[in-house]
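Enquirer: Need a 3D model of the following:
(one chain, ligands or ions: 1)
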Amino acid sequence: MNTFNYKLDNFLFPHINQIQKPIILELGVQKGRSTKKFLELCDRNNGQLFSVDLEDCANVSQNKRWKFFQTRDDNFEYIKSQIPNKIDVLFIDTLHEANHVKKLLYEYYPLLNSNGYIFIDDISHIPYLKNKDRNNFYCEINNKETFETILSIYSNNYKNFELNFSFFSSGLAVIKKLNENNLNPSNKLVLRDKTIKNYLRLIWKKIREN
Ligand SMILES: C[S@@+](CC[C@H](N)C(=O)[O-])C[C@H]1O[C@@H](n2cnc3c(N)ncnc32)[C@H](O)[C@@H]1O
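Expert: Okay, the predicted model is just below:
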């Protein structure tokens, strides 16, 4: 089994396998690996899958439970006019850049039912570091920025959603909506790693180690 399927089977589907009549919005189809898995769930639990991609992916499946839209994922007015008012699952796997992911999150979050899930693929920079197998500057920087952006959204919304991460392969963020509140704006984290107090702590640590 490839790492992507393993990640979905172990860190995504266990959260949603029990949802009956799930309404799923999938952003990013390509060859349909995730699409086919979501459709298996829809077949089992009587659900519907709505998928979006810039490319024409209409041939990925003939399943009657599937509707495909060839458009940008931020064509919000159009996409919202084509799908039910409320969804249970959102899967984000298109352009893995922090500001884009943030825009999608804020725009689609109000559609999500309480107890529904948002999954964001590609939040780990580890496999893309210079000395690692996938060595890739773009993915390293953008995945790290996406991860930090999700944390900064969470820091102002920890009463509104649960947040968990898998760092398997390129990683996955798992968001569970807890209530019907709108998302608060994100907050830059106020960290103390660059304070004099911390520099003194690091010096003291070094002295003790020697
Ligand atoms: C990583 S692939 C999706 C992989 C797919 N989920 C799978 O399971 O194999 C990313 C896809 O997003 C599409 N894409 C990239 N930017 C997009 C955007 N802004 N709107 C819609 N689709 C986009 C690309 O055409 C590509 O097919």
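
Enquirer: Across the sheet, point out what pairs with the residue nearest the centre of the chain.
Expert: For the chain, I120 is the residue whose C-alpha lies nearest the centre (Cα atoms, centre = their mean; 0.8 Å). Beta-bridge partners recorded for I120 (DSSP bridges): I92, A173.

Enquirer: and the gap between it and V101?
Expert: Noted for I120: a distance of 6 Å to V101, by Cβ to Cβ, to the nearest Å. Heads up, the C-betas are built off the backbone N, CA and C, glycines and all.

Enquirer: same deal with N210?
Expert: In terms of Cβ to Cβ, N210 sits 43 Å off from V101.

Enquirer: cool, and I24?
Expert: With distances taken as Cβ to Cβ, I24 is found 18 Å from V101.

Enquirer: for G47, same thing?
Expert: G47 sits 24 Å away from V101, going by Cβ to Cβ.

Enquirer: what's the answer for V174, then?
Expert: According to Cβ to Cβ, V174 and V101 sit 14 Å apart.

Enquirer: So for these two, which residue has more residues nearby?
Expert: Between V174 and V101, V101 has the larger neighbour count (other Cβ atoms under 10 Å), namely 25 against 19.

Enquirer: Can you tell me the element the more buried one falls in?
Expert: Element membership for V101 (DSSP states H and E) is helix 98-108.

Enquirer: hey, C-alpha coordinates of that helix in PDB?
Expert: Below are the C-alpha coordinates for helix 98-108, written out as PDB (Å, rounded to 0.1, in the frame of the first residue of the first chain):
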ATOM      1  CA  ALA A  98      -0.700  28.800   3.600                       C
ATOM      2  CA  ASN A  99      -2.700  31.800   2.600                       C
ATOM      3  CA  HIS A 100      -4.700  29.800   0.100                       C
ATOM      4  CA  VAL A 101      -5.500  27.000   2.700                       C
ATOM      5  CA  LYS A 102      -6.500  29.700   5.200                       C
ATOM      6  CA  LYS A 103      -8.800  31.400   2.700                       C
ATOM      7  CA  LEU A 104     -10.500  28.000   1.900                       C
ATOM      8  CA  LEU A 105     -10.800  27.200   5.600                       C
ATOM      9  CA  TYR A 106     -12.500  30.400   6.500                       C
ATOM     10  CA  GLU A 107     -14.900  30.300   3.500                       C
ATOM     11  CA  TYR A 108     -16.000  26.700   3.800                       C
END
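
Enquirer: biggest helix in this protein by residues?
Expert: Longest helix in the chain, counting residues (DSSP state H): helix 137-154.

Enquirer: Now that one: average pLDDT?
Expert: Helix 137-154 carries an average pLDDT of 98.

Enquirer: buried ones in that helix?
Expert: By neighbour count on 16 or more other Cβ atoms under 10 Å, the buried set for helix 137-154 is 139-140, 142-147, 149-154.
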